[in-house]
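>>> Coordinates for the following, if possible.
(chains A, B, C, D, E, F, G and H)
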Protein chains: 8
Amino acid sequence: MDEAALRELLAAVRDGRTSPDAALTRLARLPFADLGHTKVDHHRTLRQGLPEAVYGPGKTPDQCAAIVAELLAHGTGPVLLTRTDDAQVLAAVERNPGGAQTGRTVVWRSAPSRPAAVAVVSAGTADEAVADECDATLVAHGVHPTRVRDVGVAGLHRLLASLDDVTDVDAVVVVAGMEGALASVVGGLTAAPVVAVPTSTGYGSAFEGVTALLSMVSSCASGITVVGIDNGFGAACAVLRLLNGRSRHG
Amino acid sequence: MDEAALRELLAAVRDGRTSPDAALTRLARLPFADLGHTKVDHHRTLRQGLPEAVYGPGKTPDQCAAIVAELLAHGTGPVLLTRTDDAQVLAAVERNPGGAQTGRTVVWRSAPSRPAAVAVVSAGTADEAVADECDATLVAHGVHPTRVRDVGVAGLHRLLASLDDVTDVDAVVVVAGMEGALASVVGGLTAAPVVAVPTSTGYGSAFEGVTALLSMVSSCASGITVVGIDNGFGAACAVLRLLNGRSRHG
Amino acid sequence: MDEAALRELLAAVRDGRTSPDAALTRLARLPFADLGHTKVDHHRTLRQGLPEAVYGPGKTPDQCAAIVAELLAHGTGPVLLTRTDDAQVLAAVERNPGGAQTGRTVVWRSAPSRPAAVAVVSAGTADEAVADECDATLVAHGVHPTRVRDVGVAGLHRLLASLDDVTDVDAVVVVAGMEGALASVVGGLTAAPVVAVPTSTGYGSAFEGVTALLSMVSSCASGITVVGIDNGFGAACAVLRLLNGRSRHG
Amino acid sequence: MDEAALRELLAAVRDGRTSPDAALTRLARLPFADLGHTKVDHHRTLRQGLPEAVYGPGKTPDQCAAIVAELLAHGTGPVLLTRTDDAQVLAAVERNPGGAQTGRTVVWRSAPSRPAAVAVVSAGTADEAVADECDATLVAHGVHPTRVRDVGVAGLHRLLASLDDVTDVDAVVVVAGMEGALASVVGGLTAAPVVAVPTSTGYGSAFEGVTALLSMVSSCASGITVVGIDNGFGAACAVLRLLNGRSRHG
Amino acid sequence: MDEAALRELLAAVRDGRTSPDAALTRLARLPFADLGHTKVDHHRTLRQGLPEAVYGPGKTPDQCAAIVAELLAHGTGPVLLTRTDDAQVLAAVERNPGGAQTGRTVVWRSAPSRPAAVAVVSAGTADEAVADECDATLVAHGVHPTRVRDVGVAGLHRLLASLDDVTDVDAVVVVAGMEGALASVVGGLTAAPVVAVPTSTGYGSAFEGVTALLSMVSSCASGITVVGIDNGFGAACAVLRLLNGRSRHG
Amino acid sequence: MDEAALRELLAAVRDGRTSPDAALTRLARLPFADLGHTKVDHHRTLRQGLPEAVYGPGKTPDQCAAIVAELLAHGTGPVLLTRTDDAQVLAAVERNPGGAQTGRTVVWRSAPSRPAAVAVVSAGTADEAVADECDATLVAHGVHPTRVRDVGVAGLHRLLASLDDVTDVDAVVVVAGMEGALASVVGGLTAAPVVAVPTSTGYGSAFEGVTALLSMVSSCASGITVVGIDNGFGAACAVLRLLNGRSRHG
Amino acid sequence: MDEAALRELLAAVRDGRTSPDAALTRLARLPFADLGHTKVDHHRTLRQGLPEAVYGPGKTPDQCAAIVAELLAHGTGPVLLTRTDDAQVLAAVERNPGGAQTGRTVVWRSAPSRPAAVAVVSAGTADEAVADECDATLVAHGVHPTRVRDVGVAGLHRLLASLDDVTDVDAVVVVAGMEGALASVVGGLTAAPVVAVPTSTGYGSAFEGVTALLSMVSSCASGITVVGIDNGFGAACAVLRLLNGRSRHG
Amino acid sequence: MDEAALRELLAAVRDGRTSPDAALTRLARLPFADLGHTKVDHHRTLRQGLPEAVYGPGKTPDQCAAIVAELLAHGTGPVLLTRTDDAQVLAAVERNPGGAQTGRTVVWRSAPSRPAAVAVVSAGTADEAVADECDATLVAHGVHPTRVRDVGVAGLHRLLASLDDVTDVDAVVVVAGMEGALASVVGGLTAAPVVAVPTSTGYGSAFEGVTALLSMVSSCASGITVVGIDNGFGAACAVLRLLNGRSRHG
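Numbers count the residues shown, from 1 in each chain, chains lettered A, B, ... in the order given. So this is what the prediction gives:
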């Protein structure tokens, strides 16, 4: 049943051609039917508070450029292209001017700044690419995080020296590979929400992020939550979800 | 407290403007030195917004009773005893009257109700024990969640019928075993923060929760976060972390 | 929006109090809303062709008895209680007379026999419990399978002696633990659909069914499909799905 | 014992040179002996209803071309070359004109169209290559599937908008990576047979398809069956097995 | 086609009622058909050189007793009941007198001694049960192995003191848990065939035998072969396979 | 060649019955032969600096008592019985008076105290049993460790308050389950040797110690070493190895 | 103590300068000491019956050539260079003429043919490289195996047609990837020793040989033994070990 | 510094006995507050006894050169660049003259030799790169290890011939891949501390070092400790930790 059919059904009710009961019967079948929306993406945005990002790997430069163009044409919010290679960036930016690149992420139509205190804490230089993806995603939505870098737990004093950055904030994202212990330590030092991102950094027994992932979901610090390996984008989305709610209340 | 403030404090002591005792009080707050506090736990509570719960398994009934007593004596917030067996409950409640049991969790000194809209969504009856632990932990801190039960994705219409319960809320906890798909579906339907709890429910290939855990951290719904297998307590703590922040802003 | 509200909206259209356009706007919000069905389960049955079975483990005897009673009261098809223990059977049958037990499965209101040729092939005696669950589920829906037992590939001649049983049929279910090779062998001998069930049978390196599961999904026989470990019920449902379709065409 | 020897034995029986009992003794030894068929492949085709496909990886272009040629010379059904690279396609098509390429699959001698309603549902663009392999294999055998694309569960409304495509069909193939939740959702929406294909798509914790595989075999939707990771060809074969049976009945 | 039908076919050929060609056509379909042997088990014994053993776990005492009785009635070789519990032993021996128990294995009708030099080497006392199963299986077939006990590689001198026992033999079985290093060490010291049995012995990181299994199949000593975890019976069968061949040649 | 044979060979050389060259040829075959020592264990003790402990699980009380008796009769150093149950303790102590029990470890003939500063740091109460085993093993050899308890990284201030206990010592043993982050934190705070013991403590995703094990071997703190899961005895042995060397140098 | 010192000690005994008892005391310390053999490799060959092969990967062409040269200079048996690339072959053969290449293996100084019946059975064309390595290693030692190719269990009739090749032999090597079911089937058809080699062939869920490895060690066919993934060389060595023993007896 | 000392210090400031500056200096040593240190790295060195090494992978040549320069400018101890590629070496050495390369490690400002007996024992040529990293790290700190090469347990006599090298030393590092059995054997032969390094060497079932890792942590030789896969640097650090302590005592 598309929109026209629905409109016709209602007209029939209005005109007395169909009884409300008969219409009810038909409408009862609606819950999973196609109402022929032409603004699916707009609806989805409302529902999620986040526009869809384009994940680069496996797409041709042309595909990247085209999808970005389509998203820009049908919305008003930020559009992201993530995990790009140089050819994808080139094609996407040529076709869609105005994209700003941070690390392997390109953002078009960034949202204006909003007041929010978020820390992105990373354990080592090898975790920076993932932290950058998180950072770029936040910035695209108007959130400018504080970066706390190179504070692996083997040098605890460095983290303690930045303690204020993780305690008096709306949320903390912890990005760490190897054994991922940083998430537990930060979780024990702050009452703020902590989103942990395991990274695929580390020697052989880090197993491409599995060790950090298991470590983080087993953390002895209560209330830490975890996203997928190397998923800086996902961590940013988790933060945006909670900030969105906070705005509503604020 | 930075170096200048410390220097000024010392100058004030020298000049008699501040007594050594008053200075001591301030210095005692230097976060990590061992200054002989006798109220470590109170500090910890401030830092985390959550008192420590007592995890039952592996402790004798007497140990459970004693630790609960100690925590009740040194604080004012809620005290929880989790994953108890009957003997532990008996001992703990006998020694510490006033404990209220929900499932395998006992709570003393629950916090008064606070305004917060949280949904605890569970996939099947086998997930209820974990959802109960989450529920009891939230209630202990004054948050009374809406329970949405038995909405596994194999019967999608049941979840859709409860859609409002997961969209217009401060946070959603999704508790699911087997393949854990419910977390992705809920994540796609709501803009609220989603905390997913994999459970050890299911046939052989659910592997005691591993399948659900991997499924949830790999979710295609952006911004879902995950806690450990069967960790209903942890999910509640994650929700409390974000509500605490929200209160601050509200 | 519940049914009453929808009825009222349609009445308003009929009476001219609401224009079709205004009604359309409201209805456009319907797709995920609760229409207040009272016959959810009946709908679900139509959609799946299979009533819901009650999975015993983790439920009290009383819960089992009550759920079975509820399902019997609200439908006309077969009702199953699976993986029961003796106490569950006792309680369920006492409250709901007429249940027929096969292995650890109890069935009420079995469907009349239907013409369908299905073989349930099992490798060893240790696989019989899983094969029995599959058999009982099929019988509940009117399908009486041929059982081919004890035809592990270490004694290939026994399988070859039963070759007709697996070639001229509508479907074959293969139940095997250890290395699960039987699925590949049967898959190479028949053009019929093959549903493989890995079982948790076997010595230490069978790893509770994991070896058989991996073996079956990696089978060199094209077009074999697999269900979860020990999931005889699921295999029967897969067969029923394809038989349902076949009836429609026949 | 080859065909000539068997013929001679029978002639000896006819001529009285050998008694039936003596012949019986010899024949009793036959079950595993070589009868010297020269039409092994033809027999195999009858038995399986599917000709053998040539799996490209690890073969030289010349080997691919030669095996395709041999298969074309000794049969009448469709011949497939799968998972090809460009050099393999070039060599195979040069030597064997008439091959039609779809994605990384080349098909010779496609079967004429047959009436069958099959849906191939894919979660995201990264799953398209696997869905294409399934599609091409089906088309080779005369089955033209409906493609439903980009209906990942994070955007449930898109799947619901295509609901008819998965409910009123002979079979549904679900192709999904990451957490593979789409299989469960589709399984809950349709009574048709569902064959799920986990793909190696997704971030780090998707583990090259393992997460989706485990998720699908643990599905809470009853009667879903699963093939190996990325095995679009296998899923098509599973569908063809059930359609073959259906034709027999139809 | 059963034996009677085959006999009738041959009679028809003899009598001229059926031509050899027509008979050939029918016989060509034989390779996988049932010839109605009544001595299947005897054939199987010839083919494998090993009678079937009864694996105790999961069988009732009565089932054990019955299967042993059946095997004793239909053959002349040794019959084994393995991994028994006390009730199974009691039932089986009561019904079938003459069984001799070694560890958890009972043997009826042991074969007479045969000349063969086999060493069963075990690393620690916790591996003895598996070594005993291997020993009992060998003895049942007339092979009396030399036992070399408690020669874990942490005390290498003990193994070196027994060097002759592993060098001048027909085969060596190495039974070891934990890290399973003993297999590599023995493999480097002898030119005899080495069959390694990983056991589920050891602390937590031995992972129920997985560590030893992986260690043994990765051994740097060339030509070591491995059977399943705790599979002392299988190791004995492997030794018997090679001794059988040796007898043929000797 | 036993001792008598060797003595005879040397006598033959002395008497001129055998030439030195011929004797050399025979002796060249010695390296792996049995020289018939009667003091094997004494040698072994010298080589390892540690007597053999008796691992309780899987042994009968009588076996435990007998092995302890044997070890006491043939040496002068400490004898340990580890991971005992009550029946084993009873039998062993009855037969061998003077055993001192600590947790599940019993020690006879403890060594006199020696000067050594060792810290045993444990994360939570659930890790105490493993820490106790380590402690008891050290004490048996005269090393009395400082215990630092309940210093999980979620409450970092507690560890920092005990900082001196882990910095100015000969060795630190860290005992932790869950995510095992404590090992990394301690490793970053001290220059002393750190031996980490993963324990099987924790919720479902701790996977019986696997998470902690992987975490510890992947630690970002350089130079931490790890022993097996729950292996408190092994950690103590590692410490004793390094103290033994230290004594030699001191 | 080197050879000269030992010779001097014996001379001192002969000359009466040292008593046999004093010499005995010194010699008792010998078992692990270096006797200064200059023919270590010769000894090793005797002990193992197999010369050391050179494993190519990770070595430079020059290193390969040099090691082969050294081995040729110090022995008389066959020398192998395995898993080579083209540059390694070129360098090795240029410096050491007379090498014969089979697949990725080069052999110098092959042993003369010896009477032995060995079958190398492979499941598919993707397994041929591993089967070739096994074949080349056997040929190097004078054993010319029968090759049975492309007999995957999905086409069982092909294996049955070669039945004699696997039943009347001294040993069978089974090389198979994917689900490795071929090993079980062959094991059930022959009484000969069976050495199974899992290969890293197959779709995603074959997991680089893990599935086949687990399948083979869990085989329901008793007495099958397994070597490491893709280890064709190891399988050949296992066969040579048993043939060596057989020769001794024959 | 305890509370009394702090109170006394403040009183001294008040009384003019201590200047605020002097007090500040003492307070600045309160271990973890951020007091604006500019010499963090120096502190860290004291605490750990090891300067930070630069891990090459993932860094650009320029980054490597710059970090090395910074470390050289702010300390006096050795600086290491590990796991380099040629471009990194070139850039780093050009900017920072005086670097000495060993394998893939470059060292600046090596410490003078110190007396310490350390053995680095490696199983095969494929383990040399890891052993080299360990060796270079030790040498950078003045420790010149004895190398014992190519002593895999399959040729035990070679290890026994070098027995003195592993028994009379301060520490032994064992580097081994495949099944890692060498660690157990060495651990049984020496009373010295043993640090085991699993390497990613070996055939398919070595699983990139996992087999060796599990084998080593499950070792039957008491008191062996383990570092991460291929972590030669970490093993050297573990040795340096214990030597540092030893110097203190010596």
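>>> Run through the strands of chain A in chain order.
Using DSSP state E, the strands found in chain A span residues A:54-55, A:79-82, A:100-102, A:105-108, A:118-122, A:146-148, A:171-176, A:194-198, A:224-226.
>>> Mind checking those strands for the one nearest to E:Ala140?
Of all the strands of chain A, strand A:194-198 sits nearest to E:Ala140, with 53.1 Å by Cβ to Cβ. Backbone N, C-alpha and C define where each C-beta goes, glycine included.
>>> So is that closest one next to chain F?
No - with Cβ under 8 Å from any Cβ of the partner chain as the criterion, chain F is not reached by strand A:194-198; the gap is at least 10.4 Å.
>>> So which residues make contact with that strand?
A:130, A:134, A:171-177, A:180, A:183, A:186-187, A:209-210, A:212-213, A:215-216, A:219, A:221, A:223-232, A:234-235, A:238-239, B:225, B:241, D:204-205 (Cβ atoms under 8 Å, 6 or more residues apart in numbering or on different chains).
>>> Can you check which helix is longest in chain A?
In chain A, assigned by DSSP state H, the helix with the most residues is helix A:232-249.
>>> Which residues are in contact with the residue nearest to A:Thr105 when sequence neighbours are not counted?
Spatial nearest neighbour of A:Thr105, chain neighbours left out: A:Ala136 (3.9 Å); criterion: Cβ to Cβ, 6 or more residues apart in numbering or on different chains. A:Ala136 makes contact with A:Leu80, A:Thr102, A:Gly103, A:Thr105, A:Val107, according to Cβ under 8 Å, 6+ apart.
>>> Tell me which two of these sit farthest apart.
A:Leu80 and A:Gly103, at 11.8 Å, using Cβ to Cβ across the contacts of A:Ala136.
>>> The two - which one has more neighbours?
Counting neighbours by other Cβ atoms under 10 Å in any protein chain shown for A:Leu80 and for A:Gly103 shows that A:Leu80 has the greater number, 27 against 18.
>>> Please give the number of neighbouring residues around A:Thr84.
Residues lying near A:Thr84 (other Cβ under 10 Å) number 26.
>>> wait, A:Gln88 sits on A:Leu81?
Yes - the criterion here is Cβ atoms under 8 Å, and A:Gln88 meets it with A:Leu81 at 6.9 Å.
>>> what do the two both touch?
Jointly contacting A:Gln88 and A:Leu81 under the rule Cβ under 8 Å, 6+ apart are A:Gly56, A:Cys64.
>>> Between the two, tell me which one has more neighbours.
Set A:Gln88 next to A:Leu81 and count neighbours by other Cβ under 10 Å: A:Leu81 wins out with 28 against 24.
>>> Tell me the confidence at the more buried one?
With respect to pLDDT, A:Leu81 scores 95.
>>> With adjacent residues omitted, what lies nearest to A:His144?
Counting by Cβ to Cβ, 6+ apart, A:Ser113 is the residue found nearest to A:His144 once chain neighbours are left out, at 6.3 Å.
>>> any idea how far that neighbour lies from chain D?
28 Å (Cβ to the nearest Cβ, to the nearest Å).
>>> Count the neighbours of the residue nearest to A:Leu182 when sequence neighbours are not counted for me.
Spatial nearest neighbour of A:Leu182, excluding adjacent residues (Cβ to Cβ, 6+ apart): A:Ala176 at 4.1 Å. The number of residues packed near A:Ala176 is 33, by other Cβ under 10 Å.
>>> what's the answer for the one 4 residues further on, then?
By other Cβ under 10 Å, the residues close to A:Gly180 number 39.
>>> How about A:Thr167?
When neighbours are defined as other Cβ under 10 Å, A:Thr167 has 16 of them.
>>> Which pLDDT value belongs to it?
For A:Thr167, pLDDT reads 80.
>>> ditto for A:Gly142
Model confidence at A:Gly142, expressed as pLDDT, equals 93.
>>> That one touches A:Pro112, doesn't it?
Yes - at 5.5 Å, A:Gly142 counts as touching A:Pro112 under the criterion of Cβ under 8 Å.
>>> quick one, what contacts A:Ala140?
Contact partners of A:Ala140, counting by Cβ under 8 Å, 6+ apart, are A:Pro78, A:Leu80, A:Val107, A:Ser110, A:Ala111.
>>> gap between it and A:Thr102?
Separation of A:Ala140 from A:Thr102 (Cβ to Cβ, to the nearest Å): 9 Å.
>>> same deal with A:Val121?
From A:Val121 to A:Thr102 the distance is 18 Å (Cβ to Cβ).
>>> okay, these two: which has more neighbours?
A:Val121 (29 against 14).
>>> now that one, which residues is it bridged with?
A:Val121 has these beta-bridge partners by DSSP bridges: A:Val148, A:Val174.
>>> Good, we can wrap up now.
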